[in-house]
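In: just the structure for this:
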Amino acid sequence: MSKMHAAVVDPNATGHVAIHDVEMPTPARNEAMVKVAAVSMNQGELRYAQSMEAGHSIGWDLAGIVEQPAADGTGPKEGSRVVGFVSTGAWAEMVAVPTDAIAVLPDNVLFEQAATLPVAGLTALYALEKGTGLLGRNVLVTGANGGVGVFACQLAKMMGARVIGLIRREANRDIVMKSDADEVVVSEDGGAARDFGPYRLIAESVGGQVLANCMTMLDHDGICVSFGNSSMQDTTFDAWSFMRTDRAKLYGFLLFHELGVEPASVGLSRLVRMVSERKLKPRISVEEPMEKVGEVARDLMDRKIPGKAVLRWWI
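Out: Have a look, this model is predicted:
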């Protein structure tokens, strides 16, 4: 079997990941073989890498060109520019991608832009769609300078909401304001965001005391969508106060579970269209060749990279 280059778990490497030679994948009948041009990083996959065995494949987001269409006749044809999502192994030169997790790219959407969309874009889109009646209502996005947060602020604004972005460092204020937030709150525990509430929807990714405080800021019929725990802290909150907020809800969100309801191809097509129409703007803070995967992974885990980090195989 032929070999290719791929970024895999390497406990001895910088960032716990390095490029090794691996076997080329063998696609299933419903999978297209994609020659990868660009990938993006997410903290989630890097956290998983910390506990995986050496040599384990890694990566969820990719964009590239279909080199071999799916044998069952579904999906895009050979030569199509696409964005795709896989459960693991995206950071490779060639990836077998299920056709229900692929969207075709128009010519005016760059591979680098598209690569930011699968995990961060879909998470932001589906998390916001857990809310109803957002037009003219307050929406809080925690971790608003992160990959999901930047998309969530823009999408919430498109839905007609008044958007408040919560960040920990003043240095990231400009990033969030440029992502269409109406207000930016700088706070370690999130408590200062109360001044702009109550909130119809809270897109929450920090956990710990931030989540606890968010639970007290919901409006009647409001929902807090918890899709991350970047603080890595437990959360203790006043359940009685939460129950007294009429019909308030806490929703536990995992993207892989949400995709059991709607295939990634549908959401990706929607996001790609918004990028093509210049309504949605990916925020790429770092763009490097794949050879620097370890250094970029380290910096992302150390929270030195706002927005998205993109790596290129070839252009």
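
In: surely residue 248 is in contact with residue 220?
Out: Yes. Counting by C-beta atoms under 8 Å, residue 248 touches residue 220, with 7.2 Å between them. Yep, even glycine has a C-beta here, placed from its N, CA and C like the rest.

In: between the two, which one's more packed in?
Out: residue 248 (21 against 10; other C-beta atoms under 10 Å).

In: tell me how far the more buried one lies from residue 199.
Out: Residue 248 sits at a distance of 10 Å from residue 199 (criterion: C-beta to C-beta, to the nearest Å).

In: one more: residue 307?
Out: 23 Å.

In: cool, residue 136 as well?
Out: Applying C-beta to C-beta to residue 136 and residue 199 gives a distance of 13 Å.

In: more neighbours: which of the two?
Out: Neighbour count, other C-beta under 10 Å: between residue 136 and residue 199, residue 199 has more, with 26 against 9.

In: and that one, how far is that from residue 301?
Out: 29 Å.

In: for residue 272, same thing?
Out: 28 Å.

In: neighbour count: these two, which is higher?
Out: Neighbours were counted for residue 272 and for residue 301 using other C-beta under 10 Å; residue 272 has more, 23 against 17.

In: where does the more buried one land in three-state SS?
Out: Classification of residue 272 by DSSP: H, G, I helix; E, B strand; the rest coil places it in helix.

In: so it sits against residue 83, correct?
Out: Yes. If you go by C-beta under 8 Å, residue 272 and residue 83 touch, sitting 6.5 Å apart.

In: identify the contacts common to these two.
Out: 103, 105, 114, 117 (C-beta atoms under 8 Å, 6 or more residues apart in numbering).

In: all the helices of the stretch 151-300 of the chain, residue numbers only.
Out: Using DSSP state H, counting those that start in this stretch, the helices of the stretch 151-300 of the chain run over 173-177, 208-214, 239-244, 255-258, 264-276, 293-301.

In: of the ones you listed, which is nearest residue 97?
Out: Of all these, helix 264-276 sits nearest to residue 97, with 9.7 Å by C-beta to C-beta.
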